[in-house]
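Participant: okay, here's the prediction I keep looking at, along with the sequence it came from:
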Amino acid sequence: MAGHSQFKNIMYRKGAQDKKRSKLFSKLAKEITVAAKMGLADPAYNPRLRAAIQDARAENMPRDNIERAIKKSTDQGGANYEEVRYEGFGPGGVGVIVETLTDNRNRTASAVRSLFTKNGGNLGETGSVSFMFSRLGRIDYAPEAGSADAMLEAAIEAGAEDCQSSEDGHELFCAPDALHEVARALEAKFGEPRSAKIVWKPQNAIEVDDEKAETLIKLLEALDDDDDVQQVYSNFELSDSVMEKMSA
């Protein structure tokens, strides 16, 4: 089990600070509603709902918004959302996985395909990219939650498969079907995590030149900005030169 991350966090997700809060809250609320509709409306007995609420709290989503999203799951005549995954390639052959919740599969497929095409990429078949990723449960803690050694020890005891610590925090990985159990064990020791969800973790990172990187970032941002898109993952690693440009 590795104690530290070997490469920068690859999952690309813009934070609330650089996108409209209303759009972020809308996506979080949609996931809460879908999670509550698929299981019980009580997070204590619905792991997916619990994870969705944790994500919402991490983004400072008001409690009223969370409660409304849960209540919406019982409303009659509401939209029925379908989970659809798209896979494609960005500039430089970077693999991209797009998870969506949509009430119109044709609309979403057309939008995602168009965004890939306009930003130097191409949409692939299901399975054309996901084989380069591992489907895992991921539990995130803030840096101050504990030391790297303490997290690693707790991860082993809880049954996690990997623990990666950096200045940004701690990422603990486990089998998808063990996520709820591992998260509960860690929560008893470190408190509620920033998030606990099932993710696509790249098996290897791809670094591209600066020009392709800029186009790729535009693609990832455009996908993430689409209303139907919930999560965007890639095996793209930012080079030091690109990071310097972005922070300048």
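Facilitator: That came through, no problem.

Participant: can you give me the strands in this protein?
Facilitator: With DSSP state E as the criterion, the chain has strands at 82-89, 95-102, 122-123, 133-141, 162-166, 169-174, 195-202, 229-234.

Participant: and of those strands, who's closest to Ser147?
Facilitator: Minimum separation from Ser147 across the strands of the chain (Cβ to Cβ) falls at strand 162-166, 8.1 Å. In short, each C-beta sits where N, CA and C put it, glycine included.

Participant: now do the closest one and strand 195-202, the angle between them.
Facilitator: Strand 162-166 and strand 195-202 are oriented at 100 degrees to each other (axes from the mean of the first three to the mean of the last three Cα atoms, to 10 degrees).

Participant: picking that back up, for the strands of the chain, give me a markdown table that also has distance to Ser73, mean pLDDT and mean neighbour count.
Facilitator: Converted to a markdown table, those look like this (distance: least, Cβ to Cβ, whole Å; pLDDT from 0 to 100; neighbours: other Cβ atoms under 10 Å):
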| stretch | distance to Ser73 | mean pLDDT | mean neighbour count |
| --- | --- | --- | --- |
| strand 82-89 | 15 | 96 | 18 |
| strand 95-102 | 13 | 96 | 22 |
| strand 122-123 | 31 | 96 | 14 |
| strand 133-141 | 23 | 95 | 21 |
| strand 162-166 | 33 | 93 | 21 |
| strand 169-174 | 27 | 95 | 24 |
| strand 195-202 | 19 | 93 | 21 |
| strand 229-234 | 16 | 94 | 22 |
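
Participant: domain ranges for this protein, per the record?
Facilitator: When the chain is parsed with automatic domain parsing, its domains come out as 16-72, 82-131+204-247, 134-202.

Participant: coming back round to it: turn the strands of the chain into TSV, including distance to Ala150.
Facilitator: Shown next, in TSV, are those (distance: least, Cβ to Cβ, whole Å):
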stretch	distance to Ala150
strand 82-89	35
strand 95-102	32
strand 122-123	43
strand 133-141	10
strand 162-166	10
strand 169-174	9
strand 195-202	18
strand 229-234	28
